[in-house]
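Trainee: have a look; sequence and predicted model below, questions after that.
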Amino acid sequence: MLKASEAGVAAELIFDAAYLVMLWMLVLALAARLRRSAPPARWCGGPLAAAFGLLALGDTAHVGLRLVALGLGDPGLTLRLGPVDLPLIGFGALATAVTVTGFDLLLLQAQRRLSGRGWGLLPRALLALALLRLALLALPQNDWGAVIPPQPWAALRNLPLLLLTLGLGGLYGCASGPDQRWQRAIGGLLLFSALCHLPVLLWIQRQPLLGLLMIPKSLAYLAVGLIAYRRLPSMAPISSR
């Protein structure tokens, strides 16, 4: 019989593998639908399709390398990059930290195109948060070679991302105009994902089981992608309707 820890690792491996398969299927479906769509839909939906492609690349590195390390029973398994030995899990965390920031930026670009408005104060503030996040990721305090992220720095580097996601949820959630309930649904899902992320950001070192909240967070992203796929052919700037 499997021990509790072994069963937990096995469950994580199964979920991670299933998540990656579903995510890449979504990326391919979005790309195919985007090619068949009219120019206004491609204009508005292009950043959304690109966002999920970027998310898939980062999560493949993060989840995929984690699958390899955990599957081999060695969380500290290293990848040699020149003179540096970087643990696979740490390298995957770096990859997804960059790509998930790009994911949010592309969602922001899509929302600007859908709204038909310029870059006001809130979108500019969200853009600044994304740039701050990327700058923080480049600092040596991150210690990407560590299997367990260093605190309080891990919380500090993730705070701009959390605020960025909350702001995006607000922008999508406040979408007005005819037939924009789907945008408000995306806004709700983004807010839900941020709320799942908050306890992980604050208390994961003290309560490792909080990491399970990343499962509903990942499922919320898949739900955003499914909404985008369903609505893509009819996407157009609200001001043009």
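Mentor: On my side now, so go ahead.
Trainee: mind checking the SS state of Lys217?
Mentor: The three-state label given to Lys217 by DSSP: H, G, I helix; E, B strand; the rest coil is helix.
Trainee: now do the one 10 residues further on
Mentor: Following three-state DSSP, the label given to Ile227 is helix.
Trainee: ok, it - how many residues close by?
Mentor: Neighbourhood size, Ile227 [other Cβ atoms under 10 Å]: 16. Any C-beta I mention is one placed from the backbone N, CA and C, and that applies to glycine too.
Trainee: correct me, but Pro237 touches Arg113?
Mentor: Yes. Here Pro237 lies in contact with Arg113, judged by Cβ atoms under 8 Å, at a distance of 6.3 Å.
Trainee: please identify which of the two sits among more neighbours.
Mentor: Arg113 (20 against 16).
Trainee: spit out the residues that contact Pro237 and Arg113 alike.
Mentor: Trp43, Cys44 (Cβ atoms under 8 Å, 6 or more residues apart in numbering).
Trainee: let me see the contact set for the most centrally placed residue in the chain.
Mentor: Within the chain, one residue has its C-alpha closest to the average C-alpha position: by Cα atoms, centre = their mean, that is Val100, at 4.1 Å. Taking Cβ under 8 Å, 6+ apart, we find Val100 in contact with Leu55, Gly58, Leu161.
Trainee: in the helix or strand that contains Leu171, what counts as buried?
Mentor: Assigned by DSSP states H and E, Leu171 belongs to helix 153-173. The neighbour-count check on helix 153-173 (16 or more other Cβ atoms under 10 Å) flags 154-155, 157-169, 171-173 as buried.
Trainee: tell me the helix or strand right after it.
Mentor: Helix 153-173 is succeeded, C-terminally, by helix 181-203 (DSSP H and E).
Trainee: I'd like the average pLDDT over that following helix.
Mentor: Helix 181-203 comes out with an average pLDDT of 93.
Trainee: ok, now stretch 105-113?
Mentor: Stretch 105-113 carries an average pLDDT of 95.
Trainee: how about stretch 62-76?
Mentor: Across stretch 62-76, pLDDT averages out at 67.
Trainee: again with stretch 123-130
Mentor: Mean predicted lDDT for stretch 123-130 stands at 96.
Trainee: over to stretch 213-226?
Mentor: pLDDT averaged over stretch 213-226 gives 93.
Trainee: what separates that stretch from the chain centre, distance-wise?
Mentor: Stretch 213-226 has its C-alpha centroid displaced from the chain centroid by 9 Å (Cα atoms, centre = their mean, to the nearest Å).
Trainee: now stretch 21-35
Mentor: Stretch 21-35 has its C-alpha centroid displaced from the chain centroid by 16 Å (Cα atoms, centre = their mean).
Trainee: returning to that earlier point: can you list the contacts of Val100 in CSV and add distance to Trp119 and pLDDT?
Mentor: Below are those laid out as CSV (distance: Cβ to Cβ, whole Å; pLDDT from 0 to 100):
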residue, distance to Trp119, pLDDT
Leu55, 23, 95
Gly58, 25, 91
Leu161, 20, 95
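Trainee: now render the residues you listed as TSV, adding distance to Leu13.
Mentor: Listed next are the contacts of Val100 as TSV, based on distance: Cβ to Cβ, whole Å:
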residue	distance to Leu13
Leu55	20
Gly58	19
Leu161	26
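Trainee: where exactly do the strands run in the chain?
Mentor: With strands called from DSSP state E, the chain shows them at 78-81, 84-87.
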